[in-house]
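Student: Below is the sequence, then the predicted model.
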Amino acid sequence: MSFHTPVNRPPPHAGDGATNIELLPRYLDSLSLVERLHRLLLDVIKDEFERLSVLDINAVQALLLFNIADNEVTAGELKSRGYYQGSNVSYNLKKLVENDYMHHTRCEIDRRSVRVRLTPRGQDIRAVVTDLFARHAEGLIGKGVIDSDELDRINAALKRMERYWTDNIRYIY
């Protein structure tokens, strides 16, 4: 999400006008940065698999395998548990099963539901992503890009934003 056009600033509320005017551009910068970071994360994962000549899996699928780990979940749980953020979960699951990265079985209780878990090949992909993330974490600290206290503060702030957004979602059911 890039903001190429200036956004009309909302009228200031009584007593906090300067805060609203100064905060909006910062907030929009944060939103853009979060989106860019996610896209860069996918590019980093894609580049790692290209370097390893693993071309039958994309970055979204690899991240999905990483997030599932040793769990066995239904397709519906992938989103509710935060393992997957995209809209095309069925396509990615189908491809992961076809390429032997994931097992799928019908749920014993609800035969309409399918449970998925990683195959040994899927565990190998997960290990590649884990190693990549570990190297990057060490590199960030080792090169002085960020320290662990600063990373904790960033994570805490992002969690507060996540909670704020979650609290503002209006469910119609």
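Tutor: That came through fine.
Student: residue ranges of the strands in the chain, please?
Tutor: Secondary structure of the chain (DSSP state E): strands at 73-74, 102-106, 114-118.
Student: Flag every buried residue along the second one.
Tutor: Buried residues in strand 102-106, counting neighbours by 16 or more other Cβ atoms under 10 Å, are found at residue 102. Where you see a C-beta, it was placed from the backbone N, CA and C, and this is true even at glycine.
Student: So which elements touch it?
Tutor: Identification of packing neighbours for strand 102-106 by 3 or more Cβ pairs under 8 Å, 6 or more residues apart in numbering; DSSP states H and E yields helix 89-98, strand 114-118.
Student: quick one, which of the strands of the chain is nearest to residue 61?
Tutor: Of all the strands of the chain, strand 102-106 sits nearest to residue 61, with 9.2 Å by Cβ to Cβ.
Student: partners of that closest one in the sheet?
Tutor: When sheet partners are counted by DSSP bridges, strand 102-106 sits next to strand 114-118 (antiparallel).
Student: from the chain's centre, how far out does the partner strand sit?
Tutor: Relative to its parent chain, strand 114-118 has a centroid offset of 20 Å by Cα atoms, centre = their mean, to the nearest Å.
Student: Give me the residues contacting that strand.
Tutor: 65, 68-75, 93, 96-97, 101-107, 126 (Cβ atoms under 8 Å, 6 or more residues apart in numbering).
Student: tell me the most buried of the helices and strands packed on strand 102-106?
Tutor: With neighbours defined as mean count of other Cβ atoms under 10 Å, these peak in mean count at strand 114-118, which reaches a mean of 19.
Student: in the chain, which ranges drop under the pLDDT threshold?
Tutor: Applying pLDDT under 70 to the chain picks out residues 1-19, 111, 171-173.
Student: how far out from the middle of the chain is the longest helix seen in the chain?
Tutor: For the chain, the helix with the greatest residue count under DSSP state H is helix 17-51. Relative to its parent chain, helix 17-51 has a centroid offset of 12 Å by Cα atoms, centre = their mean.
Student: Can you tell me which helices and strands it packs against?
Tutor: Here helix 17-51 touches helix 59-68, helix 120-142, going by 3+ Cβ pairs under 8 Å, 6+ apart.
Student: Packed most tightly, which of those would that be?
Tutor: Greatest burial across the helices and strands packed on helix 17-51, using mean count of other Cβ under 10 Å, falls to helix 59-68, with a mean of 22.
Student: Not counting that one itself, show me its contacts.
Tutor: With Cβ under 8 Å, 6+ apart, helix 59-68 has contacts from 41-43, 45-46, 49, 57, 78, 82-84, 86, 92, 95-96, 101-102, 116-118, 122, 125-126, 128-130, 133.
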